[in-house]
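>>> Model the structure of this input:
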Amino acid sequence: MAAVLLFVAVNLACLFISADLARGQRSFSIDYKNNCFLKDGKPFQYISGSVHYSRIPQYYWKDRLMKMYMTGLNAVQVYVPWNFHETVQGVYNFTGDRDLERFLDLANQTGLLVILRPGPYICAEWEMGGLPAWLLQKPNIILRSADTDYLMAVSNWLAVLLPKIKPWLYINGGNIISVQVENEYGSYYACDYNYMRHLRALFRYFLGEDLVLFTTDGNTDKEMTCGTLEGLYATIDFGTDTNITEAFSRQRRFEPQGPLVNSEFYTGWLDHWGDQHAVVDVQKVSRVLGEMLTMGANVNMYMFEGGTNFGYWNGADHDTRFRSVVTSYDYDAPLSEAGDPTEKLLAIRDVIKQFRDIPSGPMPPATPKFAYGFVSLRKVGNISGLLNTLSPLGPVESQYPMTFEELKQYYGYMLYRTTLPRDLSEPTPLLSPLNGVHDRAYVSINGVFQGLLERDTKLVMNVTGQQGDTVDVLVENMGRVNFGSKINDYKGLLSNLILGKDVLTDWKIYPLDIDGAIAGGWPHTEIQKSPPATQKEPSSTGPTFYMGTLQPNGLTWDTFLKLNEWTKGQVWINGVNLGRYWPARGPQQTLYIPGPLLSTTLPNNITVLELEGAPAHLRVLFMDRPQLSITAQHH
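Now for the predicted structure:
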């Protein structure tokens, strides 16, 4: 640790020399006398919107940025999710949908400045708030603090990320006008100023002394006290139900001079499974936005487009209990999940018109949508019978259960297998006494589904069977907590399962690489080789795979997949993980499918992992509109 700090201190001296050479005429700074930002020496007010490149396929980046520009925004605010780029420790990915520099370049070409929020923690309702799950391999690590292991990992990551960012700074000829250090740190229990000082030193070392660095915190004294630090400009965030004057006077107590900034003005809100779909009133958003801009405040709208939690990237909250965030991150934002302009967007544009000239010309239209109709699926088999394919390396044997993190499988699913220690002719309770199922466990005996255990809500179920019967417990990671004190969110079976009065032991634990198998063409390629067995199998309950194909029709338009009467699971199209479905719990009823995922000429492969029970009809429906609430309304 001392070595890292020394390295930073020694090298700070070099910066002052190089910064002047690169600068030329461009500058972005804070005018403390006149309470505003200065861009190239002139007063500047930003009107910005949040957009997450990690939630939008790269082929749509340009479209979304153009719509933001045409609404009258002059900036976008962007998070960098660390775990999206360093999923495996020491292996960095900045290609394809992870090509941050391409995104910055497109924003620049579109005429948008960038407010960058590189974390290391971002919240964002994203898996573990953007922190990589491999950090949890250190059992006692204190995340978001000056813990040596944590700081070492952060320093290594920022040493990769920040040099990529530096050429994109506005003062270096790029479009990044300011950079946030950490994120809403005041809402975290640690309140560790040494951690924030370490980050400040790293950001200054890699990005120079002339860049505006800032913090963002919630509208309370405690949050502003723990989240702010001298040398980092303190900004605040709040939504439509807040007294603006009070909120900005709170910012003023922490920053007596300088621009007023609302870094997250909430245009909408997120959904958890089991919530009503969140809606924030258009008139309220317009009114409060207008009031803030009239005061000369700088505003970033969170979100301007939310996008989608594809794959396993959704986060979760834990207040009284664990609550997982849905796949859609539509957020009731001005641009819909599919990037379509809404009534809210047009209302916001009308407000912005009163404060600055907005680009002439039409708003780019909604991308075309198509209802491809029904597709029938057929059963491939249940997970217990497919382990050779899904877990090619075979099981790890352990007397007691091990977590996902211990086995270095961070996302998705793992299967825990053991045998019944004795005959159970009467229903016998199987329980997780320490609430150790994180997050849902699907229990089968000899391949027959018995029921499930669920974190915080269902800690016991009954089973019957004979001594020596195979017990399979498929555990699903539903997304790690992304906010608050419970972000050390281990997954899998965290403690023993008790059957009657026996502790279950001698486990075979199968890490499942379902995504790898499907990306490689399974099950469609396998089935071509060997036709499926007859369909007269036991009822389709428990974790089971289904497959089908959507025949090409020459179009690759966006569409929405509805799994009517299916219970809960995961869907892949052409090898890409679209995310989770859970229509019974709701509110979300359809999954967004970006058109470019589809082929105009080849059959489109659909793979479904249904965890609980499929309907008899085995059909799925491709619709031309989303349904994000349980009642069939669409906005």
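>>> drop to CA atoms for contacts and neighbour counts, all remaining ones
OK.
>>> Any idea which residue is closest to the centre of the chain?
Residue closest to the mean C-alpha point of the chain, counted by C-alpha atoms, centre = their mean, is Trp126 at 2.7 Å.
>>> how close does it sit to Val325?
Separation of Trp126 from Val325 (C-alpha to C-alpha, to the nearest Å) stands at 9 Å.
>>> Overlap of the contact sets of these two?
In terms of C-alpha atoms under 8 Å, 6 or more residues apart in numbering, Trp126 and Val325 are both contacted by the residues Asn314, Gly315, Ala316.
>>> ok, back up a step: quick check: bridge partners of the residue nearest to the centre of the chain?
Beta-bridge partners of Trp126, counted by DSSP bridges, are Asn314.
>>> so what's it up against?
Neighbouring residues of Trp126 by C-alpha under 8 Å, 6+ apart: Asn309, Trp313, Asn314, Gly315, Ala316, Asn482.
>>> pLDDT score for the last one?
According to the prediction, Asn482 has pLDDT 98.
>>> so Val471 makes contact with Ser444?
Yes. The pair Val471 / Ser444 is scored as a contact, 6.0 Å apart, by C-alpha atoms under 8 Å.
>>> What segments of this structure are helices?
Counting by DSSP state H, the chain has helices at residues 2-23, 61-71, 82-85, 100-110, 148-165, 193-207, 221-227, 244-254, 282-294, 343-353, 387-390, 514-519, 524-529.
>>> For Phe370, which of those is the nearest?
Of all the helices of the chain, helix 61-71 sits nearest to Phe370, with 18.5 Å by C-alpha to C-alpha.
>>> Identify all contacting residues around stretch 53-60.
For stretch 53-60, the external contacting residues (C-alpha under 8 Å, 6+ apart) are 61, 78, 81, 84, 96-98, 100, 103, 306-310, 594, 596.
>>> list the contacts for Asn314?
Asn314 makes contact with Glu125, Trp126, Glu127, Ser324, Val325, Val326, Thr327, Met478, Gly479, Arg480, according to C-alpha under 8 Å, 6+ apart.
>>> go with 6 Å
Asn314 makes contact with Trp126, Glu127, Val325, Gly479, according to C-alpha atoms under 6 Å, 6 or more residues apart in numbering.
>>> now it: how far from Asp97?
Asn314 is 16 Å from Asp97, where distance means C-alpha to C-alpha.
>>> One more: Met301?
For Met301, the distance to Asp97 equals 23 Å [C-alpha to C-alpha].
>>> Comparing those two, which residue is more hemmed in?
More crowded of Met301 and Asp97, by other C-alpha atoms under 10 Å: Met301, with 27 against 18.
>>> isn't the more buried one right next to Phe265, touching?
Yes. The pair Met301 / Phe265 is scored as a contact, 4.7 Å apart, by C-alpha atoms under 6 Å.
>>> follow-up on the earlier one: of the contacts of stretch 53-60, select the buried ones using a ChimeraX command.
Entered in ChimeraX, the line below selects the buried ones among the contacts of stretch 53-60, by 16 or more other C-alpha atoms under 10 Å:
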select :61,78,81,84,97,98,100,103,306,307,308,309,310,594
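>>> where in this structure is pLDDT low?
Residues of the chain that meet the criterion pLDDT under 70 lie in 1-24, 528-539, 632-635.
>>> mind running it again at 50?
Across the chain, the ranges flagged by pLDDT under 50 are 2-23, 534-536, 633-635.
>>> tell me the domain ranges of this protein?
41-353, 373-380+516-623, 393-512 (the TED database).
>>> Kindly reformat those domains as a markdown table containing distance to Ala366.
Formatted as a markdown table, the domains of the chain follow (distance: least, C-alpha to C-alpha, whole Å):
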| stretch | distance to Ala366 |
| --- | --- |
| domain 41-353 | 5 |
| domain 373-380+516-623 | 10 |
| domain 393-512 | 31 |
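>>> and Tyr32, which of the ones you listed is closest to it?
domain 41-353 (4.4 Å).
>>> now the end-to-end length of the closest one.
When the end residues of domain 41-353 are compared by C-alpha to C-alpha, they are separated by 24 Å.
>>> what's the answer for stretch 617-631, then?
Terminal residues of stretch 617-631 lie 22 Å apart, using C-alpha to C-alpha.
>>> Give me the buried positions along it.
618-630.
>>> what do you get for stretch 375-391?
Buried residues in stretch 375-391, defined by neighbour count with 16+ other C-alpha under 10 Å: 375, 377-384, 387, 389-391.
>>> Among these, name the ones in strands.
Using DSSP state E, the subset of the buried residues of stretch 375-391 located in strands is Val375, Arg378, Lys379, Val380, Gly381, Asn382.
>>> my guess is Ile177 meets Trp168, correct?
No. Judged on C-alpha under 6 Å, Ile177 makes no contact with Trp168 at a distance of 9.1 Å.
>>> My guess is Phe44 contacts Leu38. True?
Yes. Using C-alpha under 6 Å, Phe44 is in contact with Leu38, at 5.4 Å.
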